[in-house]
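Colleague: Sequence and predicted structure, then a few things I'm wondering about:
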Amino acid sequence: MTDARRPAPPSGTAAPAPADRAPQPLTPGGAGRAAADALLREAGAVVPVLLLPGEVPAVAVTRHEVLREILAHPEVAKNACHFTALHDGTVPPGWPLTTFATVDGMTTADGADHRRLRGLVTKVFTARRVAALRPRVVELTAGLLDGLPDAAAADGTVDLRRHFAYPLPMSVICELLGVEAALRDRLHELSNLIVSTTGTVDEAQAANREIIAVLTQVAEARRADPGDDLTSALLAAQEEDGDRLSARELVGTLLLMIIAGHETTLNLITNAVRALCTDRAQLELVRNGRATWDDVVEETLRYDSPVAHFPFRYPVRDLEIGGTLVPRGTPMLASYSAAGRDPEAYGPGADLFDVTRRPAARHLSFGHGPHYCLGAPLARLEATVALEALFTRYPALDLAVPDAELPAHPSFIGNSTHVLPVRLTG
């Protein structure tokens, strides 16, 4: 693999290693994300970074074509048994990102284990099941839109992230998994603590313990009283075929689906509304039929990916990647937000939000290769339904504060704003 932007080293010349360059601290917050991503891309296709807190050395893969290769590379693994620093004592105890590295589930499995786990989920999380959810998504969306005026403050503003972009995907994924409504807000709070990279070690450990306990209770309840939900179907499918999930794998799968099933769509809806309100000419292109809501979703995924830097992948041997020699076991971040604006992939207008861009779905925000996101169809369904209904019901909806003043979500994993105050009418 070579960096398309830089020539390969001359024959007989070793590729530079990450240690040859000063690592860039990867700050927990997302303030100035686009500018920070641009600096990472300019530094190279594979950039040494320090993950804060803990100053754990890693590399970020920042350019589209190199990232695309990495996501499907047969010698780049997901299992944390390959994470050298995790096993030699370099990673500090209680490091907040340990959950991402060690949770048992599809995101940390390779080879036969990954195929087994993904196969069980694919068997019950079918395209037909997702398509059948449309009426319920429409119903939930309408109810949330009805409630927005009552949620508005005295000055007429309402936090659209809290009162619309969050409850829609959270309600859908919890109904899909058979999680009772009383648990949803707490699961969201715990998810935020897990994906946050600004919390303390104690907070991260406590959140991990609690969410595992809650999801264990969910699984036990569905095993004792099966219903028409994905958890029950998953339990039935794995028992019928003899491919039993271990208790840890089952809880890890539920954890993945809860977090990925609502955090990413929450960010996607938030980011799309923000982009359309900031550039209303793009909204008019949809209203006059020159673009579709599907186009809005795909361009948002590229332009402002819901995930900034996703942990982790590891070379199983020393690999030359994008012109850089990456030692075996180095944690690698998939830098989706940086790759989404790579001018080599999207041209000189890569930093522009353009709903007429073609091809619309070239982005990598749902991944690529064996670990391509199984929830992509559901996220697309929820976002298109939500955005069309929102701007139809409230055509004059606009940001209540300047875009530059919106506070970033406190994580270098998730990419969005922490709140989204809007006015529903002009």
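Modeller: Okay, I see it.

Colleague: Quick one: residues contacting F310.
Modeller: By Cβ atoms under 8 Å, 6 or more residues apart in numbering, F310 lies in contact with L333, A334, Y336, I413. All C-beta atoms are positioned from the backbone trio N, CA, C, and that covers glycine.

Colleague: Just give me how far stretch 308-325 sits from the chain centre.
Modeller: 19 Å (Cα atoms, centre = their mean, to the nearest Å).

Colleague: cool, and stretch 205-225?
Modeller: Relative to its chain's centre, stretch 205-225 lies at 22 Å (Cα atoms, centre = their mean).

Colleague: just the contacts of F310 now: which is nearest A72?
Modeller: A72 has its nearest neighbour among the contacts of F310 in A334, at 11.6 Å by Cβ to Cβ.

Colleague: Pairing partners for V61 in the sheet, please.
Modeller: Beta-bridge partners for V61, by DSSP bridges, are V46, A334.

Colleague: what residues are up against it?
Modeller: A45, V46, L67, I70, I321, G322, M332, L333, A334, S335, A339.

Colleague: Spell out, range by range, the strands that occur in the stretch 1-150 of the chain.
Modeller: In the stretch 1-150 of the chain, the segments counted as strands under DSSP state E, counting those that start in this stretch are 24-26, 46-51, 56-61, 76-77.

Colleague: Indicate which one of those strands is closest to T84.
Modeller: strand 56-61 (10.0 Å).

Colleague: Please work out the average pLDDT along the closest one.
Modeller: When pLDDT is averaged along strand 56-61, the result is 95.

Colleague: how about it as PDB, C-alpha atoms only?
Modeller: Coordinates of each C-alpha in strand 56-61 appear next as PDB, following Å, rounded to 0.1, in the frame of the first residue of the first chain:
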ATOM      1  CA  VAL A  56      -1.500   6.200  24.200                       C
ATOM      2  CA  PRO A  57       0.500   6.200  20.900                       C
ATOM      3  CA  ALA A  58      -1.600   5.300  17.800                       C
ATOM      4  CA  VAL A  59      -1.900   6.200  14.100                       C
ATOM      5  CA  ALA A  60      -4.800   7.900  12.300                       C
ATOM      6  CA  VAL A  61      -5.600   6.900   8.700                       C
END
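
Colleague: That strand versus strand 46-51: what angle between them?
Modeller: 140 degrees (axes from the mean of the first three to the mean of the last three Cα atoms, to 10 degrees).

Colleague: hmm, back to that, could you dump the contacts of F310 into CSV and include pLDDT?
Modeller: Below are the contacts of F310 laid out as CSV (pLDDT from 0 to 100):
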residue, pLDDT
L333, 97
A334, 97
Y336, 97
I413, 89
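
Colleague: For those, pick the one with the most neighbours.
Modeller: Y336 (27 neighbours; other Cβ atoms under 10 Å).

Colleague: hmm, back to that, reformat the strands of the stretch 1-150 of the chain as JSON lines; add distance to E388.
Modeller: Output for these, formatted as JSON lines (distance: least, Cβ to Cβ, whole Å):
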{"stretch": "strand 24-26", "distance to E388": "36"}
{"stretch": "strand 46-51", "distance to E388": "38"}
{"stretch": "strand 56-61", "distance to E388": "34"}
{"stretch": "strand 76-77", "distance to E388": "38"}
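
Colleague: right, and the ones you listed - which one's nearest P359?
Modeller: Nearest to P359, of the strands of the stretch 1-150 of the chain and by Cβ to Cβ, is strand 56-61 at 21.8 Å.

Colleague: number of nearby residues for the closest residue to D398 other than its chain neighbours?
Modeller: Sequence neighbours aside, C277 is the residue nearest to D398 in space, at 5.2 Å (criterion: Cβ to Cβ, 6 or more residues apart in numbering). Using other Cβ under 10 Å, C277 has 19 neighbouring residues.

Colleague: Could you measure from C277 over to D228?
Modeller: 38 Å (Cβ to Cβ, to the nearest Å).
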